[in-house]
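Trainee: Turn this into a structure:
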Amino acid sequence: MGDIKVVPLGAGQDVGRSCILITIGGRNLMLDCGMHMGFVDDRRFPDFTYVTKSGPLTEFLDCVIISHFHLDHCGALPYMSEMVGYDGPIYMTHPTKAICPILLEDYRKITVEKKGEQNFFTSEMIKSCMKKVVAVNLHQTVQVDEELEIKAYYAGHVLGAAMFQIKVGNQSVVYTGDYNMTPDRHLGSAWIDKCQPDLLISESTYATTIRDSKRCRERDFLKKVHDAIDKGGKVLIPVFALGRAQELCILLETYWDRMNLKVPIYFSVGLTEKATNYYKLFITWTNQKIKNTFVQRNMFEFQHIKPFDRVYIDMPGPMVVFATPGMLHGGLSLQIFKKWCGNENNMVIMPGYCVSGTIGWKILNGHRKIELENRQTIEVKMTVQYMSFSAHADAKGIMQLIRQCQPRHIVLVHGEAVKMEFLMKKIEQEFGVKCYMPANGETVSIKSVGNVPVDMSLSFLTRKHSTSELGDSIPQPKKSCLVQGALVLKENRLVLMQPQKAIEELGMREHVIRFTSNLTLFFDGPTAKLSDSIVKVLQESLDDCAIQQGQDNSISISDNAILIKFSGSEDSREKKLLVSWVLQDEELGSEVLQLLRGRFSS
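Mentor: Numbering: from 1, shown residues only. Next comes the predicted model:
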């Protein structure tokens, strides 16, 4: 099979617009199809002309895989399938399939109905696109065609997020999408087999960050919120509809219960409300604690958190509001921010990563005067806090995943170039594998080493580790072990078996090939004495081998694996030796020859 090729159309040395093209075993796949939150022009979508300059993409792509429902991973999907043209299968998990159209429709409404853009996908296009989706279960092997198969693994991050293993023949790639190696209040941690793929394509959003204790962060977050409402201030928490919203709602709900607080908490009605209903529906995707307590109490039915109405924006008094979207790049969160940012008692807490160019990114980088799209300038007097409740793996988590799945090569995507470069060097240094960080449009070619799967009976394997063959040494299960046998093609699979058993099963006669070498040694004394001397030397040097001496002075090592026979005159000082060995014991035969030449040649 040819090389594995990787080309990022988005998320190459950048965060946002995830879209990775891979070629594996003659198949072409698109991994994610997202939009960029930092752009409002053509750059917001991947450049699909890289695939074909004109016409639909169907004949160039075997399938599309969507890792999760965040718009930077699925936001360009209807544009790609309906406007550019793609009629092939689109694979995603069941929760992603359920939630994706809701977020896409919300994105369409904001872009078309509120911003007035024209050349954009419609509601009908979203429906047509979703008809092409094939939902997959975790750990289910899906056969895309005769050779191409995919398998989903739990990624944490958000509800329904999955990592995908892609296999064609003996070549394999693992694509992580976004993942989190740390369990949180509502989701478990990412997990994958020790699958040893040829290539791991991993996100690297937090390539140089190692987060502090989650409990410390939670305590700090609650203290900041409490201090702000104590002063009579309002707290705005911009979030995306799913993920951090539910995580922080659970945290505040528990704290309000414990502290008996009466200050109102609101979340933006509609999108987040629908999203929370999906958490209830897909409860099996949450962590063990929520699953265990689900019968007694559904953690997503909040007592203190109520739906938000826009009239509350101008209402006096303290309050906490969760509003979408999470980077203040539009929608209700930006509307509230504009109203509240002029009061120094108010606070905005950014709980996750903000893409460069968004208002969230600007205020986190110290901008105090913000120019909006309509050239209006606002002054930011409110307190700005950043608290990392992001559901991405940090540097430690990325290294943990690499250790877990043991890839032969690594490609980093979905990160900032400088930070990626640091992590790339760290990975190469620690794991000794080649790591790449291609920019958008740059191709990386990976040479894959073919593995041939071979079956082997347990009895044969244990016999190889038995003390009769390896002396008294204890088998080392994590160390490689040389095993010799007959390779037999049996019912379209390769089986390694004991040669004797293979001969019996195939009804064949056994032929033994022996290698022979003639040696001339010089020794004063009869052949019997020379034979005794040779036995003594061999016993000193070959601890693990059984050495026997025949009546004709011949010497047998390891049940005739090596034979030494003498010829020539008894009276002559010049002794002729014939040393022979079987193919399997070529190393031992060479060692015996060297010993004889070294001790008796002069």
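
Trainee: Tell me what residue 383 is bridged to.
Mentor: residue 347 (DSSP bridges).

Trainee: So it sits against residue 227, correct?
Mentor: No. Counting by CB atoms under 8 Å, residue 383 does not reach residue 227; the two are 9.5 Å apart. C-betas here are computed from N, CA, C, even on glycine.

Trainee: Those two: who's more crowded?
Mentor: Comparing residue 383 with residue 227 by other CB atoms under 10 Å, the one with more neighbours is residue 383, at 18 against 13.

Trainee: Lowest-scoring secondary structure element of this structure by mean pLDDT?
Mentor: Least confident helix or strand of the chain, by mean pLDDT, DSSP states H and E, is helix 467-470 with a mean of 44.

Trainee: Distance-wise, check residue 58 relative to residue 150.
Mentor: Between residue 58 and residue 150 the computed distance is 18 Å (CB to CB, to the nearest Å).

Trainee: Neighbour count for those two, which is higher?
Mentor: residue 150 (22 against 14).

Trainee: Just read off the phi/psi values of the more buried one.
Mentor: Backbone torsions for residue 150, taken as degrees, to the nearest 10, come to phi -130, psi 150.

Trainee: hang on, it packs against residue 144?
Mentor: Yes. Residue 150 lies in contact with residue 144 (CB under 8 Å); the separation is 6.3 Å.

Trainee: where in the chain is pLDDT low?
Mentor: Confidence mapping of the chain against pLDDT under 70 gives the ranges 1, 241, 269-276, 294-299, 450-451, 463-480, 601-602.

Trainee: Find the centremost residue of it, please.
Mentor: Central residue of the chain (CA atoms, centre = their mean): residue 176, 4.1 Å from the mean position.

Trainee: residues touching that one, list them.
Mentor: By CB atoms under 8 Å, 6 or more residues apart in numbering, the residues touching residue 176 are 67, 155, 163, 190, 200, 201, 202, 203, 401.

Trainee: any idea how far the fourth one lies from residue 414?
Mentor: Distance check for residue 190 against residue 414: by CB to CB, it reads 15 Å.

Trainee: Neighbour count: the two, which is higher?
Mentor: Comparing residue 190 with residue 414 by neighbour count (other CB under 10 Å), the higher total belongs to residue 414, at 30 against 27.

Trainee: Now stretch 489-500 - C-alpha only, CSV.
Mentor: Only the C-alpha atoms of stretch 489-500 are listed here, as CSV (Å, rounded to 0.1, in the frame of the first residue of the first chain):
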residue,chain,number,x,y,z
LEU,A,489,-2.4,-20.4,5.4
LYS,A,490,-5.5,-21.9,6.9
GLU,A,491,-9.1,-20.8,6.0
ASN,A,492,-7.8,-17.4,4.7
ARG,A,493,-5.8,-16.7,7.8
LEU,A,494,-2.1,-17.2,8.7
VAL,A,495,-1.3,-19.6,11.6
LEU,A,496,2.1,-20.1,13.2
MET,A,497,2.3,-23.7,14.5
GLN,A,498,4.9,-26.2,15.6
PRO,A,499,6.7,-27.6,12.6
GLN,A,500,5.8,-31.2,13.6
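
Trainee: Show the residue spans covered by the helices in the stretch 1-150 of the chain.
Mentor: Assigned by DSSP state H, counting those that start in this stretch, the helices in the stretch 1-150 of the chain fall at 71-74, 77-78, 94-108, 123-130.

Trainee: what angle do the third one and helix 123-130 make?
Mentor: Spelled out, that is helix 94-108. 160 degrees (axes from the mean of the first three to the mean of the last three CA atoms, to 10 degrees).
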